[in-house]
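J.: What follows is a protein structure lacking sequence information:
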């Protein structure tokens, strides 16, 4: 059950000095997972989503053609 509105979570995160610690604190206060808080922050524009690394092997055929 969420204790704070999403806007308050985002505002609280933006004002925090130690942002990574604040995510855990917000999760504990709101009785939700850290991932749920991260998603709220991403949706609210307070946190950028992590980019997934590309798993495909590099294409070396371009180098061999030269």
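T.: It's in. Quick caveat, the model's predicted, so the values are computed rather than measured.

J.: elements contacting the biggest helix by length in the chain?
T.: As assigned by DSSP state H, the longest helix anywhere in the chain is helix 19-30. Counting by 3 or more Cβ pairs under 8 Å, 6 or more residues apart in numbering; DSSP states H and E, the packing neighbours recorded for helix 19-30 are helix 6-15, helix 34-43. Quick note: C-beta positions are derived from backbone N, CA and C, even for glycine.

J.: Let's see that with 6 Å instead.
T.: Contacts defined by 3 or more Cβ pairs under 6 Å, 6 or more residues apart in numbering; DSSP states H and E place helix 19-30 against helix 34-43.

J.: Beyond the helix it packs on, next helix or strand please.
T.: helix 61-64 (DSSP states H and E).

J.: Next, work out how far apart the residue lying closest to residue 43 once chain neighbours are set aside and residue 28 are.
T.: Spatial nearest neighbour of residue 43, excluding adjacent residues (Cβ to Cβ, 6 or more residues apart in numbering): residue 6 at 7.2 Å. From residue 6 across to residue 28, the span is 17 Å (Cβ to Cβ, to the nearest Å).

J.: and what of residue 5?
T.: For residue 5 relative to residue 28 (Cβ to Cβ), the value is 17 Å.

J.: residue ranges with poor pLDDT in this structure?
T.: 1, 53-56, 58, 62, 65-66 (pLDDT under 70).

J.: Just give me the residue right at the centre of it.
T.: residue 38 (4.3 Å; Cα atoms, centre = their mean).

J.: Now for that one: which residues touch it?
T.: When the contact criterion is Cβ atoms under 6 Å, 6 or more residues apart in numbering, residue 38 has no partners at all.
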